[in-house]
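Undergrad: Below: sequence and its predicted model.
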Amino acid sequence: MIARMFREDSAMLPSDMELAHQRGLPVTFADLRKLTAAVPDSLNAAPIYLKAMRELQKLPENQVRELWIGRNPSIEQRQRRARAIESFQPTLRILERANDLPYCVYRDEFSESENVWTIWHKITSADGPILRDASAYIGAEAQMKVVQKDFAGAFRDLTTLIALARHSGEYNRLSRSSALGFDQTGIFNQLRWIASRNPTDMAVLSQVEHLASQLNPPDIYKAIQTDFVYAFETIGRTKNLEEIGLDKNTPAVFNRAVNTLYQTPGVRDGFKANLLKTYLRAFAALPKRSDDWLAVYAALKQIDKSIADDQTVDNVLTKAVLWLPPIPPLIFAWATMQKRLVLEGVAVLRQYHATGKFPAALPIVGDTSINPFWGDPLEYRVEGKEFSITARGRDFGKDGPQFTKRDIVFRFPPRREPPRSRQSY
């Protein structure tokens, strides 16, 4: 009877696929390929990043810990950190080659051969966060150069970090996109501090402005679509449910029952049909604007809850292979807020350099002067020879990241040292 139910359910699959196509939603790898034009290797950063990640794998696994030092580190801590940064140089030289390339495209299907995607998946999975480690090394070196006032060197490192973050948005999955938001937050912290310490150096301010302008959050909806396609294709190719970790989330007895059911003709299509229906419901619930961060957050939170609460058998694979975490929109709202602070702060300093006094209001009008969390204007204050631009944060409590609790301030003159270089965790 259960098998018949699945077969009847799977009969709805073609009509649902047609509905997805009408809405412009990719369902298969072929659909994803149509959305991304072919990119020649000479313009594609992906092969370069692949070489860099292989080089990075040669470093000691836990060495990245040496990069995290407090405000008053010992001489031994400084020496260990310097050695760790030095060992990263071969990887950094490779990464720098990708700075000016416009694309980063990893294409494949689920091939048994070790193609670009399968390698990349291995090194960026939860078990091997090498991309995160690369960000930590680059951020630590940039921080060291900022302290030494080697701004040219710091800008070079930040350019590499920005390229890594910018390219990540092209292939990153939603479930791993939080790291990109943290990368951006660390970069904006550095840029804000550099600008406030060099208020009349137009070359420095122009470089800060240029780098800040390059950082934009990835397309969250594209990431959701990519997550779905890989989940959809995974169900089609998986022979044993243990391959996708179902055994980690459900009782063993239930696993065996579902595994047996999975081999029944038509049942696999039933699982895919349920996943496809969830996908269509998700995009019906999401707001039209993918940068309406709070609305996207609320929608993803509700969708994630509906998937978790659905206890039916035909939802078991949706739970296992499709996770739509609500946190990334908040992280990208946070990064967007920091970007706007940097751009407005640099504009204020430019006017101060040109006229000898601060402007009466924020120089850049429009979205740049708005806090993306709340939709209210950034707060701008001038007191004598000081100014501050403040963006009101938000505490989402247990349902969101705690780092949104505090306000973010661009202040001149600065009142504290630059933040520690913890870029992506």
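TA: That came through, no problem. Residues are numbered from 1 along each chain as shown.
Undergrad: Kindly tell me how buried residue 357 is, as a neighbour count.
TA: Counted with other C-beta atoms under 10 Å, residues neighbouring residue 357 total 10. Every C-beta, even on glycine, is put in place using the N, C-alpha and C of the backbone.
Undergrad: check contacts around it.
TA: For residue 357, the contacting residues are residue 351, by C-beta atoms under 8 Å, 6 or more residues apart in numbering.
Undergrad: lowest confidence element among the helices and strands of this protein?
TA: Counting by mean pLDDT, DSSP states H and E, the weakest-scoring helix or strand in the chain turns out to be helix 116-124, with a mean of 43.
Undergrad: Now do the helices in the stretch 201-350 of the chain.
TA: For the stretch 201-350 of the chain, the helices identified by DSSP state H, counting those that start in this stretch occupy 202-214, 220-237, 252-262, 267-285, 293-309, 316-321, 327-355, in order along the chain.
Undergrad: Low-confidence bits of the chain, can you list those?
TA: Along the chain, the parts satisfying pLDDT under 70 run over 1-12, 106-130, 169-172, 175-182, 239-259, 265, 394-406, 416-425.
Undergrad: Now do the domain split for it, please.
TA: Structurally, the chain divides into domains by automatic domain parsing as follows: 2-27+222-327, 33-218, 329-412.
Undergrad: what's the first-to-last distance across the second one?
TA: This stretch, domain 33-218, spans 18 Å end to end (C-alpha to C-alpha, to the nearest Å).
Undergrad: Same check on stretch 309-322?
TA: In stretch 309-322, first residue to last residue: 14 Å (C-alpha to C-alpha).
Undergrad: For that stretch, buried residues please.
TA: Residues of stretch 309-322 classed as buried by neighbour count (16 or more other C-beta atoms under 10 Å): 313-322.
Undergrad: can you check stretch 354-363 too?
TA: Taking 16+ other C-beta under 10 Å as the neighbour-count basis, stretch 354-363 is seen to contain the buried residues 358, 362-363.
Undergrad: TSV for those residues, including distance to residue 266 and secondary structure?
TA: Below are the buried residues of stretch 354-363 laid out as TSV (distance: C-beta to C-beta, whole Å; DSSP: H, G, I helix; E, B strand; the rest coil):
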residue	distance to residue 266	secondary structure
358	70	coil
362	61	coil
363	64	coil
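Undergrad: any chance of those residues in TSV, with distance to residue 331 too?
TA: Written out in TSV, the entries for these read as follows (distance: C-beta to C-beta, whole Å):
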residue	distance to residue 331
358	31
362	24
363	27
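Undergrad: can I get the CA coordinates of the helix or strand residue 388 falls within in PDB?
TA: According to DSSP states H and E, residue 388 maps onto strand 386-391. Output in PDB follows, covering the C-alpha atoms of strand 386-391 (Å, rounded to 0.1, in the frame of the first residue of the first chain):
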ATOM      1  CA  GLU A 386      34.700  64.200  15.800                       C
ATOM      2  CA  PHE A 387      31.900  62.400  14.000                       C
ATOM      3  CA  SER A 388      30.200  59.000  14.200                       C
ATOM      4  CA  ILE A 389      27.900  57.000  12.000                       C
ATOM      5  CA  THR A 390      26.000  54.300  13.900                       C
ATOM      6  CA  ALA A 391      23.900  51.400  12.600                       C
END
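Undergrad: what's that strand in contact with?
TA: Contacts to strand 386-391, defined as C-beta under 8 Å, 6+ apart, come from residues 337-338, 340-341, 344-345, 348, 358, 362, 371, 373, 378-381, 407-413.
Undergrad: relative orientation of the helix or strand that comes right after that strand and helix 327-355 in degrees?
TA: The first helix or strand that comes after strand 386-391 along the chain, using DSSP H and E, is strand 408-412. Using axes from the mean of the first three to the mean of the last three C-alpha atoms, to 10 degrees, one finds that strand 408-412 and helix 327-355 are set 10 degrees apart in direction.
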